[in-house]
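K.L.:
Mind folding the following:
(one chain, ligands or ions: 2)
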Amino acid sequence: MGGQLIGLQTLAASGTETMRAALSAGGCSSSQCGSSDKPDSMSAEIWEKIKDHPCYSEEAHHYFARMHVAVAPACNIQCNYCNRKYDCANESRPGVVSEKLTPEQARRKVIAVANEVPQLSVLGIAGPGDACYDWKKTRETFSRIADEIPDIKLCLSTNGLALPDHVDEIATMNIDHVTITINMIDPQVGLEIYPWIFYKNRRWTGLDASKILHERQMLGLEMLTTRGILTKINSVMIPGVNDTHLAEVNRVVKEKGAFLHNIMPLISDPAHGTHYGLTGQRGPTHAELQALQAKLEDGTKLMRHCRQCRADAVGLLGEDRGQEFTLTQVPEVVSYDPSRRADYRALVSEMRGEHEAARRAVGETLADLETAPTCLVAVATKGGGRINQHFGHAKEFLVYEVSPHGVRFLSHRKTEQYCEGGWGDDASLDGVIAALDGVSAVLCGKIGDCPKESLAAAGIVATDEYALEWIEEGIGCWYKQISQSQQTRRSA
Ligand code: CLF
Ligand code: SF4
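P.N.:
Ligands and ions are numbered 1, 2, ... in the order given. Purely as a prediction, here's the structure:
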């Protein structure tokens, strides 16, 4: 195996033929089935809505990109994990300040990105502030952009308080995806999260505030469900405040038709100056988050690939190209050229058919390994569904669970990049090893002997033997190989 490693970013900058050749490299060619294949668990109509949305479909996040524009900074509630100097922590990573734009500046920026980033499929408004409270700016931004790029998906995130006032317009504007942050369905729990809200021209505190917010969130969710708009519920997991309560939240939002539930860990830091940061409220550990996700397995479908991205993020979920598209770098006059996005989509449509076929084939192969134990495998990828990133360049690893039941995405683990400017840094490698706790193997596009030996000493197999293969295919082959060699050793 081996060969040149090609990321989607490179592909996107290439001509159509180069894109085709590179996207095809290393893949399974046993099937010609198309991307219209939908999972058995959903209708064709829903699949059509989510198949290009990187947040609503885990599969789509390998191929498609989102961008956010921060156009609606006003907010009508106070959350204890926010101090308003930073992005809205209901959707984005706290402690980050995004570039605020007018609707016209946002239009220019989105067109500039759409011309350069063919993976772009979704435009989101996700703070700072509340997209529904600052509705005029949200509406103007979406309508300007939808006029010029009609196939871009519009997506917004809200705390829900002002949502019911705008659901009818949301429906007529073809906004197919709405995120509501719901941290509680019991106003008593809300008392510890929301010190006040601003509603009907006055400020409400205490249980009244919490009750109003809860009722408005439930009403908004029901109204969206009735209109067939897909909803994602974000819940910030706050240990000792709502962590045990979130199972109940999951049950209720499922009942009310939510499509997806995204449990986000509270990120709390005194430097952020938030109430929780200053009072020492901790966020959940990785293990606590995973334990809760495991408990919710049978409830509303869970989102596990959220990156808590910036309110001005641009690119695939694991990357952020926002700094390449700050307002000063965007031309004063821009005109949209749809050709590269169209070419890219046509190619992805072909390739994800192959990917799906490879996934199915892996499932069938693994089913024979009845007695093999479940393992966690980490993968370094630049996108496209392939094992295609150099170990030393990875800033995150995707972690999959593999067993005779198949290969299943579990989570991502962020880490410091080990290799900068051609040199590996031992301190960073210790961090990478710590981030890979519990993982049996790392599959990557390339890895040197030195990190490979250190990983082996920590009990982690690292290999580039599956470079450029589909992620599930590579993991399946590795698993089959080690399971069979273990079996041979046992019977010898
Ligand atoms: Fe943006 Fe949110 Fe739409 Fe996605 S993000 S508004 S649904 S387009 Fe996605 Fe980013 Fe997680 Fe949000 S990874 S923080 S879930
Ligand atoms: Fe901050 Fe968002 Fe909460 Fe408003 S809704 S207080 S911007 S975290």
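K.L.:
Pretty sure Ile193 sits against Pro187.
P.N.:
No. Counting by Cβ atoms under 8 Å, Ile193 stays clear of Pro187, with 10.2 Å between them. Every C-beta, even on glycine, is put in place using the N, C-alpha and C of the backbone.
K.L.:
Taking the stretch 301-450 of the chain, what residue is nearest to ligand 1?
P.N.:
Nearest residue of the stretch 301-450 of the chain to ligand 1 (Cβ to the nearest ligand atom) works out as Cys306 at 3.3 Å.
K.L.:
for Gly445, what are its contacts?
P.N.:
Residues near Gly445 by Cβ atoms under 8 Å, 6 or more residues apart in numbering: 5, 380, 387-391, 464, 467-468.
K.L.:
still on that earlier bit, now the residue of the stretch 301-450 of the chain closest to ligand 1, nearest residue through space, not along the chain?
P.N.:
Asn262 (5.1 Å; Cβ to Cβ, 6 or more residues apart in numbering).
K.L.:
Am I right that Thr371 is in a helix?
P.N.:
No. Assessed with DSSP: H, G, I helix; E, B strand; the rest coil, Thr371 is coil; it does not lie in a helix.
K.L.:
any idea how far it is from Leu410?
P.N.:
22 Å (Cβ to Cβ, to the nearest Å).
K.L.:
ok, these two, which is more surrounded?
P.N.:
Leu410 (17 against 9; other Cβ atoms under 10 Å).
K.L.:
So that one sits against Tyr400, correct?
P.N.:
Yes. The criterion here is Cβ under 8 Å, and Leu410 meets it with Tyr400 at 6.1 Å.
K.L.:
Let me see the contact set for the nearest residue in space to Arg413 that is not next to it in sequence.
P.N.:
Once flanking residues are discounted, Arg413 sits nearest to Ala435: 4.6 Å by Cβ to Cβ, 6+ apart. Ala435 makes contact with 397, 413-415, according to Cβ under 8 Å, 6+ apart.
K.L.:
before we move on, the earlier item: give the contact list for the residue of the stretch 301-450 of the chain closest to ligand 1.
P.N.:
55, 262, 264, 317.
K.L.:
Run through those and flag the ones next to ligand 1.
P.N.:
Residues of the contacts of Cys306 in contact with ligand 1 (Cβ under 6 Å from any ligand atom): 55, 262, 317.
K.L.:
which one among those residues gets closest to ligand 2?
P.N.:
Using Cβ to the nearest ligand atom, the ones next to ligand 1 among the contacts of Cys306 come closest to ligand 2 at Asn262, 14.8 Å.
K.L.:
Checking the closest one next. Helix, strand or coil?
P.N.:
Asn262 is classified as strand under three-state DSSP.
K.L.:
burial measure for it, as a count.
P.N.:
20.
K.L.:
Show the contacting residues for it.
P.N.:
179, 232-235, 302-303, 306.
K.L.:
Doesn't the residue of the stretch 301-450 of the chain closest to ligand 1 belong to a helix?
P.N.:
No. Using three-state DSSP, the secondary structure at Cys306 is coil, not a helix.
K.L.:
circling back to that earlier point, okay if I get the contacts of Asn262 as TSV plus distance to Asp243, secondary structure and pLDDT?
P.N.:
Below are the contacts of Asn262 laid out as TSV (distance: Cβ to Cβ, whole Å; DSSP: H, G, I helix; E, B strand; the rest coil; pLDDT from 0 to 100):
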residue	distance to Asp243	secondary structure	pLDDT
Thr179	20	strand	97
Lys232	20	strand	97
Ile233	16	strand	97
Asn234	15	strand	96
Ser235	10	strand	97
Leu302	15	strand	92
Met303	18	coil	93
Cys306	17	coil	91
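K.L.:
how about these, which pair is most distant?
P.N.:
Checked with Cβ to Cβ, the contacts of Asn262 reach their widest spread between Thr179 and Leu302, with 14.1 Å between them.
K.L.:
Between the two, tell me which one has more neighbours.
P.N.:
Higher neighbour count among Thr179 and Leu302: Thr179, with 27 against 18, using other Cβ under 10 Å.
K.L.:
what separates the more buried one from Phe198, distance-wise?
P.N.:
Distance from Thr179 to Phe198, by Cβ to Cβ: 21 Å.
K.L.:
quick revisit: need the contacts of Ala435 in JSON lines (columns: secondary structure and pLDDT).
P.N.:
What follows is the contacts of Ala435, written out as JSON lines (DSSP: H, G, I helix; E, B strand; the rest coil; pLDDT from 0 to 100):
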{"residue": "Phe397", "secondary structure": "strand", "pLDDT": "96"}
{"residue": "Arg413", "secondary structure": "strand", "pLDDT": "91"}
{"residue": "Lys414", "secondary structure": "strand", "pLDDT": "88"}
{"residue": "Thr415", "secondary structure": "coil", "pLDDT": "89"}
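K.L.:
Give me the buried entries from those residues.
P.N.:
The neighbour-count test (16 or more other Cβ atoms under 10 Å) applied to the contacts of Ala435 identifies 397, 413, 415 as buried.
K.L.:
For the first one, which non-adjacent residue is closest in space?
P.N.:
Across the structure, with Cβ to Cβ, 6+ apart as the measure, the residue nearest Phe397 apart from its sequence neighbours is Ala378 (3.9 Å).
K.L.:
residues in contact with that neighbour?
P.N.:
Ala378 makes contact with 397-400, 413, 436, 439, 441-443, according to Cβ under 8 Å, 6+ apart.
K.L.:
go on, Ile263?
P.N.:
Each residue near Ile263 by Cβ under 8 Å, 6+ apart is listed here: 235, 237, 246, 289, 292-293, 296, 302.
K.L.:
do the same with Ala458
P.N.:
Counted by Cβ under 8 Å, 6+ apart, Ala458 has contacts 433, 436.
K.L.:
let's see 10 Å
P.N.:
Residues near Ala458 by Cβ atoms under 10 Å, 6 or more residues apart in numbering: 429-430, 432-434, 436-437, 439.
K.L.:
Please list the members of those that lie in helices.
P.N.:
429-430, 432-434 (DSSP state H).
K.L.:
Just among those residues, which is most surrounded?
P.N.:
Each of those was scored for neighbours by other Cβ under 10 Å, and Val432 scores highest at 26 neighbours.
K.L.:
Between the contacts of Ala435, which sits nearest ligand 2?
P.N.:
Ligand 2 has its nearest neighbour among these in Lys414, at 21.2 Å by Cβ to the nearest ligand atom.
K.L.:
so how far is Asn183 from Gly257?
P.N.:
According to Cβ to Cβ, Gly257 and Asn183 sit 19 Å apart.
K.L.:
so Val71 touches Phe142, yeah?
P.N.:
Yes. Look at Val71 against Phe142 with Cβ atoms under 10 Å: they come within range, at 9.4 Å.
K.L.:
more crowded one of those two?
P.N.:
Comparing Val71 with Phe142 by other Cβ under 10 Å, the one with more neighbours is Phe142, at 26 against 23.
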